[in-house]
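Q: Fold the stuff below for me.
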Amino acid sequence: MPALWIGHVTVTDADAYGKYAELAGPAIAKHGGRFIARGGRFVQLEGRERPRNVVAEFESVDAAVACYNSPEYQEALSFAKGASERELMVVETST
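A: Residues are numbered from 1 along each chain as shown. Modelled structure (predicted):
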């Protein structure tokens, strides 16, 4: 079943996070991920607000987790650590 990779982010170092974004996009695409939402307008109804929200679709939970654990994404992630506060989850869709 398809799965959604959902990230909620507060950027604390724009330059370093920019390098993350430059590398993360191609890594996600290489693993079959397709962005559905990336930093667009949002309305926070409950919980902690993060100014940047990202949703990508993968063919499965396993594919999304494999992307996260890939060398390409881990290289990108090295730039996000210390440059952001983030929550990231993968959720299987019901369709």
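Q: any idea of the mean pLDDT in the lengthiest helix in the chain?
A: Assignment by DSSP state H gives helix 14-30 as the longest helix of the chain. In this model, helix 14-30 carries a mean pLDDT of 96.
Q: Which parts of the chain are strands?
A: For the chain, applying DSSP state E gives strands covering 3-11, 34-38, 52-58, 84-92.
Q: Need those in TSV (columns: mean pLDDT and distance to residue 74).
A: Quick note: C-beta positions are derived from backbone N, CA and C, even for glycine. Converted to TSV, the strands of the chain look like this (pLDDT from 0 to 100; distance: least, Cβ to Cβ, whole Å):
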stretch	mean pLDDT	distance to residue 74
strand 3-11	97	15
strand 34-38	95	19
strand 52-58	97	16
strand 84-92	97	13
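Q: Provide a list of residues in contact with the closest residue to residue 76 other than its chain neighbours.
A: Counting by Cβ to Cβ, 6 or more residues apart in numbering, the nearest residue to residue 76 once its immediate chain neighbours are dropped is residue 23, at 3.6 Å. Contact partners of residue 23, counting by Cβ atoms under 8 Å, 6 or more residues apart in numbering, are 72, 75, 76, 79.
Q: Show me which of these are buried.
A: 72, 76, 79 (16 or more other Cβ atoms under 10 Å).
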